[in-house]
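[1] Next comes the sequence, and after it the predicted model I'd like to discuss.
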Amino acid sequence: MATSSKKRKYEEENRSFHPEWEDGFAFIDKGGKPICLICQTPLANYKVSNLKRHYATNHEEFAARYPPQSELRKSKLASLKSGMHQQQTLLSTFSKEGNASTEASYVIAWNIARAKRSYSDGDFIKKNVEEVISILDPNNSKLRRLIANIPMSRHTTERRISDISADIEREMMNDLRNCVAFSLALDESTDIQDTPQLALFVRYVSSDVVVKEELLNLVALKDTTRGIDVKNALDETLMNAGVPLHKLVSLATDGAPSMLGKKVGLMGLLMNDTKYPHILPVHCIIHRENLAAKYFKFEDVMKTVLQIVNFIRSSAKSHRQFRNFIAELDLEDKPDDLSFHCVVRWLSTSNVLNRFVDLLEPIAAFLSEKDKSYPQLTDNEWMEDLMFLTDIFEHLQNLNLSLQGKDKLISDLTQAVFSFQKKIQIFQRDILSREFKHFPRLQHRIGSYSGSGIKISKLTEYRDRLQGLLEDFQARFEDLHQLKSSFAFLINPFMIDVFKDGFQLPKNIVMETSAAEMELLELQEDLGLAMIQKSHSVTDFWKLVPEVKYPQLKKASCRLISIFGTTYCCESLYSTMKFVKSKHRAVTSNQHLTELLRTTTTSYQPDLKKLASSKASQQKHNN
C-alpha cells in the first residue's frame with residue numbers, strides 16, 4: 001500500500017524577504033508581507049514566483065522605463081517608498097484624529113447625560129466650543145478642524161449615551177453575578193405621561209466588601225400596579241440579569257398594600273414562590289417616620305395656618321403684595337415668602353410652620369391691612385400650640401434629613417430612629433420641668449408673658465402628645481427592634497456576649513450558626529482586629545477581616561451591609577425623572593429613559609477611550 005507523503009506547510013518553510021527583490025520586482029517588506037511599490041498591492045507570502053508574476057503581468061512598462069540596476073530606477077523606487085510612507089503617515093494621522101473626535105463625542109455625551117440635558121445639547125456645546133477657540137486661538141487651524149469633526153448630532157449623542165449605558169450595565173451585571181450578597185429596593189411612580197414606572201435598585205457587596213448601589217432596571221408597567229404586576233416585572237429583570245437568587249437578602253418597599261400584602265402583595269407572592277429564598281421585608285424607614293409625623297396632629301393649628309397661607313399664596317395679587325410688604329420691612333435673617341403645603345413632600349409641614357412663625361408679625365400686619373381677622377393669632381393657648389408644634393416638627397425634620405442619602409447602612413438608620421425615641425422621653429421631661437431647652441420657640445413665647453406663664457394642663461397635654469408620638473414610633477419600628485442584635489454585631493462584634501445572649505442572627509443572615517459562634521469567639525480574642533475596629537468605619541473594618549479565617553462572619557456582615565433601610569434611591573430617581581422626561585421631552589422612549597437615568601445615577605466611571613476605540617474598530621471593519 002502506497003504511503004501518502006506529508007504535505008508541506010508554508011509556515012514550516014521559513015520563507016523571508018530578500019533585499020534584491022526591491023530592485024528586481026519593485027517590492028518591499030511591510031508588516032510581514034511583500035507590498036508592491038508601484039500599485040501598493042500586498043501579496044500573501046514570500047514566493048519569488050508570485051512577485052515575478054505580478055511584476056511581469058502588471059508593470060511591464062515600468063521595467064522598460066526604469067531599467068534594473070540603473071540610477072534612474074533607484075531614484076524612482078526611493079520616490080515611491082517616500083510617497084508610500086507619507087501616505088501611510090497621513091492615514092495614521094487621520095485615524096488618530098478620528099479616534100480623538102470619537103472619544104470627545106463620548107465625553108460630551110457622558111456629561112450631557114450626567115447633567116440631565118437633552119440629546120440636542122451636543123450641537124449647542126460644539127458650537128460654543130468652536131466660537132471660544134476662534135477667540136482664544138484663532139490661528140490654530142488643526143484644533144478648529146478637530147472640533148469641527150466631532151460628531152455631535154442629536155442622534156449621535158443618543159447612540160453614544162446608549163453605548164455608555166450598555167457598558168455600565170455590562171460591568172454592573174458582572175459585579176452583581178460575582179457578589180457575595182445583594183438586596184433590592186422597589187418603588188412605583190408615574191411619569192409625565194401617567195405611565196407607571198417601577199424603579200428597581202440593587203445594592204450588592206463583593207467579597208472584599210466593596211458596596212455598590214445601582215439602578216437595576218426601570219420597568220414601564222402597562223395598566224395596573226398590583227402585586228402580581230410588580231412581581232412579573234421583578235421576575236423578568238432578575239432572570240435577564242442571570243443573578244443567583246440565593247444571594248438575595250432583603251427587599252425594601254414603600255409599604256403600600258401592593259408591596260407588603262401577605263396574600264396578593266409582592267412580599268406575599270415572593271414568600272410563596274419556591275425559587276426565591278426567605279427574604280427579609282423592609283418597610284422604608286423614612287416613610288414610617290413620615291407617617292408618624294403625619295398623624296401627630298394639631299388640627300386646629302394646621303387648619304388656621306393653611307387658611308392664612310392659602311389666602312396669601314393662592315391669589316397672584318395677594319402674593320405679590322405680601323412679598324412687596326416683606327421687602328419694604330427689610331427684615332434681616334428672615335424668609336422673604338411663605339411656603340405652600342404639599343402632603344407628599346417629606347419636609348413640607350416643617351418648612352411651612354417655620355416660615356409662618358418667622359414671619360408671624362408681618363403676616364398679622366398684612367392681614368390687618370386686608371381686613372382679614374384671625375382671632376387665633378392673639379389667643380395665647382393657640383399660639384403656644386403653634387410654637388410647640390413648630391419645635392416638634394423641626395426635630396422630626398432633622399431626623400428625616402439624617403435618614404436621607406445614598407449608601408447608608410440600615411444599622412446607622414435604625415440608630416437614628418432608636419435615639420430619637422429616647423429624645424422624645426427627654427422632651428417630655430423638658431416640658432414638665434418648664435425648662436423648654438429643646439423648645440426654643442415655645443420658650444420665647446412663654447418668656448414674653450407678664451403673668452404666671454403656661455398652664456399646667458397645657459404642659460400635661462404636651463406630655464401626653466409626646467407619649468402618643470413615642471408609642472407610635474415604637475409600634476411602627478417594632479420589627480427593627482427585633483433585629484437590634486444583628487445590627488449590634490455589624491457595628492461592633494466585640495460587644496456581643498455569646499455566653500449570655502447567644503448569637504441571635506436571622507437564618508437568612510447566618511447560614512451556619514454553630515460555626516459562626518466559634519468564629520465570633522476567635523474574633524473577639526483577636527487584639528489586632530479589635531484595635532482596627534476602634535479606628536475604622538463599619539465597612540472598612542469588615543474589609544480587613546480575613547475571609548479565610550472568619551468565612552461565616554464575613555458573609556453575615558456582607559449580607560447585613562447589603563440591606564436597604566429606605567427607598568430613598570427610588571424617590572431620588574423619580575425627582576431626576578421629572579427633569580429627564582419633562583413636558584419638553586415627554587416622547588422619550590422607555591428604553592432611552594432607562595439609559596439616561598442609569599447614566600445619570602451610576603457610581604461607575606465608564607472607559608470612554610475604550611468605547612471610542614471599539615467604535616472606530618467597528619466602523620473600520622464595516623468599511
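    Received the coordinates, thanks.

[2] And stretch 474-483, what's buried?
    Judged by neighbour count using 16 or more other Cβ atoms under 10 Å, the buried positions of stretch 474-483 are 476-477, 480, 483. Backbone N, C-alpha and C define where each C-beta goes, glycine included.

[3] will you turn the residues you listed into a markdown table that also has secondary structure and distance to Gln69?
    Shown next, in a markdown table, are these (DSSP: H, G, I helix; E, B strand; the rest coil; distance: Cβ to Cβ, whole Å):
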| residue | secondary structure | distance to Gln69 |
| --- | --- | --- |
| Arg476 | helix | 100 |
| Phe477 | coil | 98 |
| Leu480 | helix | 95 |
| Leu483 | coil | 93 |
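
[4] how about those in a markdown table, adding pLDDT?
    Putting the buried residues of stretch 474-483 into a markdown table (pLDDT from 0 to 100) gives the following:
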| residue | pLDDT |
| --- | --- |
| Arg476 | 93 |
| Phe477 | 94 |
| Leu480 | 92 |
| Leu483 | 91 |
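
[5] Return the closest of those residues with respect to Ile563.
    Leu483 (9.2 Å; Cβ to Cβ).

[6] Distance of the closest one relative to Met259?
    From Leu483 across to Met259, the span is 19 Å (Cβ to Cβ, to the nearest Å).

[7] How confident was the prediction at the closest residue to His59 other than its chain neighbours?
    In this structure, His59 finds its nearest non-sequential neighbour in Ile38, 5.2 Å apart by Cβ to Cβ, 6 or more residues apart in numbering. Note on Ile38: pLDDT of 80.

[8] just Ser575 next, same as before
    Ser575 is assigned a predicted lDDT (pLDDT) of 91.

[9] What is the burial count for it?
    Ser575 sits with 9 neighbouring residues when counted by other Cβ atoms under 10 Å.

[10] For it, give its distance to Thr600.
    Taking Cβ to Cβ as the measure, Ser575 and Thr600 are separated by 11 Å.

[11] re earlier: from what I see, the residue nearest to His59 and Leu80 are in contact.
    Yes: if you go by Cβ atoms under 8 Å, Ile38 and Leu80 touch, sitting 6.7 Å apart.

[12] list the residues that contact both of the two?
    Taking Cβ atoms under 8 Å, 6 or more residues apart in numbering as the contact rule, Ile38 and Leu80 both touch Ala26.

[13] quick one: average pLDDT of the longest helix anywhere in the chain?
    What stands out as the longest helix in the chain, according to DSSP state H, is helix 71-114. Mean pLDDT, computed over helix 71-114, is 77.

[14] Check which element follows it along the chain.
    Counting by DSSP states H and E, the element after helix 71-114 in chain order, helix or strand, is helix 121-136.

[15] Okay, angle between the next helix or strand after that following helix and helix 121-136 too, please.
    Next helix or strand after helix 121-136 toward the C-terminus (DSSP H and E): helix 141-148. Here the directions of helix 141-148 and helix 121-136 differ by 170 degrees (axes from the mean of the first three to the mean of the last three Cα atoms, to 10 degrees).

[16] And the contacts of helix 141-148?
    Contacts of helix 141-148 (Cβ under 8 Å, 6+ apart): 97, 100-101, 104, 126, 129-130, 133-134, 137.

[17] a markdown table for those residues, including distance to Val219 and neighbour count?
    Compiled in a markdown table, those are given as follows (distance: Cβ to Cβ, whole Å; neighbours: other Cβ atoms under 10 Å):
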| residue | distance to Val219 | neighbour count |
| --- | --- | --- |
| Glu97 | 42 | 14 |
| Ala100 | 38 | 16 |
| Ser101 | 36 | 19 |
| Ala104 | 34 | 20 |
| Lys126 | 35 | 19 |
| Val129 | 38 | 18 |
| Glu130 | 41 | 14 |
| Ile133 | 44 | 16 |
| Ser134 | 47 | 12 |
| Asp137 | 49 | 11 |
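
[18] So, low pLDDT: which residues of this protein?
    1-14, 87-98, 341-347, 450-452, 616-623 (pLDDT under 70).

[19] Show the residue spans covered by the strands in it.
    In the chain, the strands defined using DSSP state E lie at 27-30, 33-36, 181-190, 196-205, 211-220, 248-253, 280-283.

[20] so which of those comes closest to Lys609?
    With respect to Lys609, and counting by Cβ to Cβ, the nearest of the strands of the chain is strand 211-220 at 22.4 Å.

[21] neighbouring contacts of the closest one?
    Strand 211-220 is contacted from outside by 172, 175-176, 184, 195-206, 233, 236-237, 241, 406-407, 539, 561-562, 569, 573, 590, 593-594, 597-598, 601-604, using Cβ under 8 Å, 6+ apart.

[22] Show me what it pairs with in its sheet, parallel or antiparallel.
    strand 196-205 (antiparallel) (DSSP bridges).

[23] The strand it pairs with vs strand 181-190, what angle?
    Orientation check (the same axes, to 10 degrees): strand 196-205 against strand 181-190 gives 160 degrees.

[24] okay, strand 196-205 in PDB with CA atoms only?
    Coordinates of each C-alpha in strand 196-205 appear next as PDB, following Å, rounded to 0.1, in the frame of the first residue of the first chain:
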ATOM      1  CA  PRO A 196     -46.400  53.700  35.900                       C
ATOM      2  CA  GLN A 197     -42.600  53.400  36.200                       C
ATOM      3  CA  LEU A 198     -41.300  50.700  38.500                       C
ATOM      4  CA  ALA A 199     -37.800  51.500  39.800                       C
ATOM      5  CA  LEU A 200     -35.600  48.600  40.900                       C
ATOM      6  CA  PHE A 201     -32.400  49.400  42.700                       C
ATOM      7  CA  VAL A 202     -29.900  46.900  43.800                       C
ATOM      8  CA  ARG A 203     -27.200  47.100  46.400                       C
ATOM      9  CA  TYR A 204     -24.500  44.400  46.200                       C
ATOM     10  CA  VAL A 205     -21.400  43.600  48.300                       C
END
